[in-house]
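Q: I would like to see how this sequence folds:
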Amino acid sequence: MKKILLAIIVFLSGINIVLAESSAYLTSLNIKGYDLSPNFNKYNNTYSVDIDEETTSLDLDYKLEDENATIEIIGNDLLTEEQNNVQIKVTNGEEIQNYIIYVNKNKSNEVMNLDSNAVEVEVNKKYNMKIVLGMLIVAWLLSAYLLKRIIYFKRK
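A: Residues are numbered from 1 along each chain as shown. This next block holds a predicted model:
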């Protein structure tokens, strides 16, 4: 009986018991080796990242605001050369937060260097062809001059 009276007194006195609210937010999100754009903010759901050509999946490092929440990562396997979308779905009870990362693959510097070297070789070929053509013209003029001198000396 005393316990019931105590419960009624606590109820009528207005003492509020606050239950912890569930959350479906991340408190941090990082991609090892790369920078998110913009910087992470739990209320922002859209990000982008530029990765190199060899990367096939993102190495995600994240923390949940509520340990009871569950996380599902969609689209993080076999990233292609085109733009990819990696979705991070955080669920806690009926609350759901979706974070989207737009992933862009960039050509590696080695490939870009090979392309610039190919252009340089092409320029050198054109430059070398001009030199060879110039040398042929000079040789032809010299041959014509010598031939003229030989014919002129034979007549005298």
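Q: would you mind measuring from Tyr99 to Ile74?
A: 11 Å (C-beta to C-beta, to the nearest Å). Using the backbone N, CA and C atoms, a C-beta is placed for each residue, glycine as well.
Q: of the two, who's got more company?
A: Taking Tyr99 and Ile74 together and counting by other C-beta atoms under 10 Å, Tyr99 has the greater number of neighbours (21 against 12).
Q: quick check, pLDDT for the residue nearest in space to the middle of the chain.
A: Closest residue to the average C-alpha location of the chain: Asp50 at 1.4 Å, with C-alpha atoms, centre = their mean. Asp50 is assigned 91 on the pLDDT scale.
Q: can I see the domain layout of this structure?
A: The chain breaks down into these domains under automatic domain parsing: 21-106, 108-156.
Q: those: lowest mean pLDDT?
A: The bottom spot among these, by mean pLDDT, belongs to domain 108-156, with a mean of 71.
Q: list the buried residues in the helix or strand where Asn30 lies.
A: Per DSSP states H and E, Asn30 falls inside strand 26-31. Using 16 or more other C-beta atoms under 10 Å as the test for burial, strand 26-31 gives 26, 29, 31.
Q: show me the strands in this protein, by range?
A: Along the chain, counting by DSSP state E, strands occupy 26-31, 46-52, 60-64, 70-74, 84-92, 95-106.
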